[in-house]
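Student: requesting a structural model of the entry that follows:
(one chain, ligands or ions: 1)
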Amino acid sequence: MGPSATVRQKLVSLNPATGEILAEFDPACDTEVLAAVAAAKEAATKWRELGIEKRAQVLLRLRNVVYERRHEIAKLISREAGKPLVESLAAEVLLVLDGCQYYAKQAPRFLKPERIPHHNLAVKGKRGWIEYRPYGVIGIISPWNYPFSIPLNEMIPALVAGNSVVLKPSELTPQTGLAIRDCLHAAEIPPGVATVILGDGLTGRALASSPIDKIIFTGSVATGKLIQTAAAARLLPTLLELGGKDPMIVCADADLDRASSGAVWGAFTNAGQACLSVERLYVMRAIAEPFIHLCVEKTKRLKLGPPDNPETDVGPLIRERQVRMVEEHVEDAVRRGAQVLVGGRRPPLAPGFFYELTVLTGVHHGMRIMREETFGPVLPIQVVEDEAEAVRLANASELGLSASVWTSNLQKGEQLARQIEAGSVMVNDCVSSFGISEAPHGGVKLSGLGRTHSRLGLMEMVQVQYLDVDLHPRFPKVWWFGYDREALALTNGLVDFLFARGVRKRIKGLTGIFKGWRKRRV
Ligand code: NAD
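Tutor: Residues are numbered from 1 along each chain as shown. Model prediction:
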């Protein structure tokens, strides 16, 4: 049965703190997806021809709209995704404002045609440049955990580079998807240039198989593999931002107070549902006891609760299935010998999808919680003997999104960071590189392909065209047809002149060039 013949479920926007249904929507069908892509194709030429300076102005309009609406957007994200208001403002709205500002200012510079001076004498008579051209239509499929900043910070560089975009946000956060649509509309982005279609996995599949020119996918490894397999069949370029199992290494010389605060924030921000995160922690035995004690005390002080309460530090998880995943990982760890120092269960009698903030010790890589992405409010801490063991364990993962190293010796921190297999490594901080517009974001190993954010993220939105202008159109080229003894002598002379060892042989090469040149019949 094809996707369009399947009975389609409504998209349900829920308040995860209460389980209350906020709104329901119909997913876009295949025909609607194709219509959005066709409209995007139609709009793409005019948008490209508008020029980068004018497109940058549009980004600034979008920034102004988002700023004006910041409070209502933050409230909506908190209500639909469950994160505290501070996080909706800081990790969603602020990142989008910064993304608009950064690319509006820097994209014209980054995408300026680049003169390429030729070093080889044989081609000195030509002028070359690199130019950057948009793909055309970029399809973007995004997750629910940062439902505003992830899709918009992929759309913004795609648009400023001259692409039109069709976005399918997560089925779990459709209202935030509609808020994005409203902002794009209010910023007066021309019709067809930036379209938001609501839908589920089937809608995503339809978008991925529609005639788009590139796909940018952020989500789980499992779905990423499906997208990559389907894309390979038609050589559709992909950018994949997938899961992580981010390690944190705490050295014996770390500032324990700062490191424990970082660990707790990194593990529990967004209720642990962050791609960049602290998913597992390795601490040196010498300082393990006081460090773990600090982590436990700080965890106990955090307030779990509804996101609209300004005192709340951590909200609910997105859905029941996410709570079950956390339960399964904790149960598996406890069965294999882990100790729960705090948390380790659902809070009694709480409505919604809450899980208590949990610190585990006595963990090892035989447990799922140290190998698979948990995506919940759990901090599993493994005690190690030395830094070499910590690095070995940090790298013993199929995933490689981000990592952090904590030490008061910054030089050592950098050295350890370089040994870790991850797309980004922070020394004495975690997670927050995601909020630095200049910092490339993306993974190695199964965590993905390509980069978003930064100059490199903008380069993912363009194709390189090399332009070559011959400055002496009247001269035939020596490498064209007319092969004979003279042509061979000339070519030999050229190779000797350019690459022979010793001045004498080079000069001989030059003579060969002149001789061959005179007799060459091109
Ligand atoms: P998911 O893979 O279930 O869904 C992501 C998106 O893909 C959704 O919009 C969904 O509708 C769509 N989708 C599902 N099946 C599809 C298919 N067959 N074809 C096309 N689209 C399809 O992921 P999720 O649960 O929404 O997100 C959580 C995951 O995302 C975690 O693994 C997390 O680490 C990862 N993530 C990664 C980053 C990053 O930047 N690397 C950022 C955020 C989240």
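Student: helices and strands around the lowest-mean-pLDDT helix or strand in the chain, which ones?
Tutor: For the chain, counting by mean pLDDT, DSSP states H and E, helix 503-519 ranks last in confidence among helices and strands (a mean of 89). For helix 503-519, the packing partners by 3 or more C-beta pairs under 8 Å, 6 or more residues apart in numbering; DSSP states H and E come out as helix 485-499. From N, CA and C alone the C-beta is placed, and that goes for glycine too.
Student: so for the helix it packs on, what gets flagged as buried?
Tutor: When neighbours are counted by 16 or more other C-beta atoms under 10 Å, the buried residues of helix 485-499 are found to be E486, A487, A489, L490, T491, G493, L494, D496, F497.
Student: and if you look at stretch 89-101?
Tutor: Taking 16+ other C-beta under 10 Å as the neighbour-count basis, stretch 89-101 is seen to contain the buried residues L89, A90, A91, E92, V93, L94, L95, V96, L97, D98, G99, C100.
Student: didn't the fourth one look like it was pressed against F148?
Tutor: Yes. Taking contacts as C-beta atoms under 8 Å, E92 lies within contact range of F148: 4.1 Å.
Student: need the overlap of contacts for the two.
Tutor: When contacts are counted by C-beta atoms under 8 Å, 6 or more residues apart in numbering, E92 and F148 are jointly contacted by I73, I77.
Student: what residues does the chain put near the ligand?
Tutor: Taking C-beta under 6 Å from any ligand atom as the contact definition, the chain meets the ligand at 141-145, 150, 168, 170-171, 200-201, 204-205, 208, 218-220, 223, 226-227, 241-244, 275, 373, 375, 401, 443, 448.
Student: show me how to select, in ChimeraX, the buried members of the residues you listed.
Tutor: Here is the ChimeraX selection string for the buried members of those, based on 16+ other C-beta under 10 Å:
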select :141,142,143,144,145,150,168,170,171,200,201,204,205,208,218,219,223,226,227,241,242,243,244,275,373,375,401,443,448
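Student: what residues does stretch 264-272 touch?
Tutor: Under the contact criterion C-beta under 8 Å, 6+ apart, stretch 264-272 has outside partners 82-83, 87, 91, 145-146, 246, 248, 277-279, 281, 295, 298-299, 302, 313-317, 326, 355, 357, 374-379, 404, 430-431.
Student: low-scoring stretches of the protein, by residue?
Tutor: Scanning the chain for pLDDT under 70 picks out 1-6, 520-522.
Student: grab the longest helix from it for me.
Tutor: Determined from DSSP state H, the single longest helix within the chain is helix 30-49.
Student: check which helix or strand covers A439.
Tutor: Assessed by DSSP states H and E, A439 sits outside every helix and strand.
Student: with adjacent residues omitted, what lies nearest to it?
Tutor: Sequence neighbours aside, S433 is the residue nearest to A439 in space, at 4.6 Å (criterion: C-beta to C-beta, 6 or more residues apart in numbering).
Student: OK, contacts around P377?
Tutor: A267, F268, A271, G272, V314, L317, V326, G343, Y355, E356, L357, T358.
Student: most proximal residue of the stretch 101-250 of the chain with respect to the ligand?
Tutor: G204 (2.3 Å; C-beta to the nearest ligand atom).
Student: how would you label that residue: helix, strand or coil?
Tutor: Secondary structure state of G204, per DSSP: H, G, I helix; E, B strand; the rest coil, is helix.
Student: surely it meets I141?
Tutor: Yes. Using C-beta under 8 Å, G204 is in contact with I141, at 4.6 Å.
Student: need the overlap of contacts for the two.
Tutor: Counting by C-beta under 8 Å, 6+ apart, the common neighbours of G204 and I141 are K168.
Student: buried sites along stretch 70-85?
Tutor: Applying a neighbour-count criterion of 16+ other C-beta under 10 Å, one finds 70, 73-74, 76-85 buried in stretch 70-85.
Student: need the max-distance pair from those residues.
Tutor: When the buried residues of stretch 70-85 are compared pair by pair using C-beta to C-beta, the two farthest from each other are R70 and G82, 18.8 Å apart.
Student: name the helices or strands packed onto whatever helix or strand comes next after the longest helix of the chain?
Tutor: The element immediately downstream of helix 30-49 (helix or strand, assigned by DSSP H and E) is helix 52-68. For helix 52-68, the packing partners by 3+ C-beta pairs under 8 Å, 6+ apart come out as helix 94-110, helix 149-160, helix 174-186.
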